[in-house]
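1. model this:
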Amino acid sequence: MALASKFRFTSVVSTPAVSTVLGVLLVASLSWRCTPSTTGTTSSESEGTGAEGTQQTLNVGAIPDQDPEKLQRLYGILADYLSSELGVTVSYQPVTDYAAAVTAFKVGDLDLVWFGGLTGVQARLQVPEAEAIAQRDIDAEFHSIFIANADSGLSPIDDIQELSALTGKTITFGSESSTSGRLMPQHFLSEAGVSLEDFKGEPGFSGSHDATIKLVESGSYESGALNEQVWLDRVAEGEVDTDRVQAIWQTPAYYDYHWVVNAEAVDAEFGADFTEKIQAALLKLDAGNPEHAEILELFGAEKFIETQNENYAQIEAVGREIGKISD
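-> Numbering: from 1, shown residues only. Coordinates of the predicted model:
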């Protein structure tokens, strides 16, 4: 036995009394080794322990609208912050596409999700007790950007009716369920009298805003539509060849990204008012705090503000209009 190798008995008298003592010592030693240790448990781990001693985990997700490496960094840092603030384990769970984010939220694999306007509406329609609780300061007046390849012959436009210039050109959107990369751009095209059938060939769906930029920059598509914030960030970071692709039009403002939580489920699992605690932690992020500033910078925001389901009525209406939401 491995335990015996740690001890040297130079002389043992084999008597019943000695055997009994050794037996007691051995049982005590083994019992001590098999008893679960409670040392090293942090306060957040203790607070996040359920009634049966199981560790509770708040699973956080997000629509994959940008490069996966950027998302992994952002949500890794955010998960650490939320874990510290809420006193429970917080785990970021990446998903493959927009639809997968909605499905994971619906079946309960994700508790808290950073959705776009459309996916947020789709998720809440499938989970009636879900609540929109926070958005960035920029999301109450968000914009999409139309971009064009330098060889497309397209130039900047000032009025929505001038979107007719895209007729006969190729175009790519982002994800099929993207608010800023598909839903609202298609809505504004429709207001200008331009339908998807007016483009050359079938519209593309790149899957993400970063991919849209690269496809238009390379000339694979003559035009594209995407999230304005991603466009501005990538240009500022020097990741866009502005000699090959340029912004040609900014859309009117609309509500977009927001945090959605399955309020009934998290309150039942983590305790009453836990939804309010999550909201408070998000609203607490302060650009003046160096530890918080990195999170806000990665989100492209100065702060988070309160929001509510009713703010996305326009998004729901447009989603029904183009067939992305049905009863």
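
2. from now on I want contacts and neighbour counts done on CA atoms only, so please keep to that.
-> Fine.

3. for the closest residue to residue 258 other than its chain neighbours, what are its contacts?
-> Distances taken as Cα to Cα, 6 or more residues apart in numbering put residue 135 closest to residue 258, at 4.3 Å, once the chain neighbours are dropped. Contacts were defined as Cα atoms under 8 Å, 6 or more residues apart in numbering; by that measure residue 135 touches 257, 258, 259, 304, 305, 306, 307.

4. for these, which one is nearest residue 242?
-> Within the set of the contacts of residue 135, residue 257 lies nearest residue 242; the separation is 26.7 Å, counting by Cα to Cα.

5. residue 137 is in contact with the closest one, correct?
-> No - counting by Cα atoms under 8 Å, residue 257 sits too far from residue 137 to count as a contact (10.2 Å).

6. between these two, which has more neighbouring residues?
-> It is residue 257, of residue 257 and residue 137, that has more neighbours when counted by other Cα atoms under 10 Å, with 24 against 15.

7. do you know how far the nearest residue to that one once chain neighbours are set aside is from residue 218?
-> The spatial neighbour of residue 257 that comes closest, neighbours along the chain excluded (Cα to Cα, 6+ apart), is residue 116 at 4.1 Å. With distances defined as Cα to Cα, to the nearest Å, the gap from residue 116 to residue 218 amounts to 27 Å.

8. higher neighbour count, those two?
-> Set side by side, residue 116 and residue 218 show unequal neighbour counts under other Cα under 10 Å, the larger going to residue 116 at 25 against 14.

9. who touches that one in this structure?
-> For residue 116, the set of contacting residues under the criterion of Cα under 8 Å, 6+ apart consists of 63, 178, 179, 180, 256, 257, 258.

10. next: residue 85.
-> For residue 85, the residues meeting the contact criterion (Cα under 8 Å, 6+ apart) are residue 281.

11. correct me if wrong, but it is in a helix.
-> Yes - according to DSSP: H, G, I helix; E, B strand; the rest coil, residue 85 belongs to a helix.

12. and the pLDDT for it?
-> Reported pLDDT at residue 85 in the predicted model: 97.

13. how near is it to residue 62?
-> 20 Å.

14. now residue 100
-> Per Cα to Cα, residue 100 is found 10 Å from residue 62.

15. now the helices for the protein?
-> In chain order, the chain shows helices spanning 16-34, 43-47, 68-86, 98-107, 117-126, 184-191, 209-218, 228-236, 263-270, 274-284, 290-299, 313-321, with DSSP state H as the criterion.

16. list the buried residues in the third one.
-> If you call a residue buried by 16 or more other Cα atoms under 10 Å, then helix 68-86 has these buried ones: 71, 74-79, 81-86.

17. got a list of what residue 179 touches?
-> By Cα under 8 Å, 6+ apart, residue 179 lies in contact with 116, 117, 118, 119, 256, 315.

18. could you export the residues you listed as CSV, including distance to residue 233 and pLDDT?
-> Below are the contacts of residue 179 laid out as CSV (distance: Cα to Cα, whole Å; pLDDT from 0 to 100):
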residue, distance to residue 233, pLDDT
116, 18, 96
117, 20, 97
118, 22, 96
119, 23, 97
256, 17, 97
315, 24, 97
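
19. low-confidence regions, the chain specifically.
-> 1-55 (pLDDT under 70).
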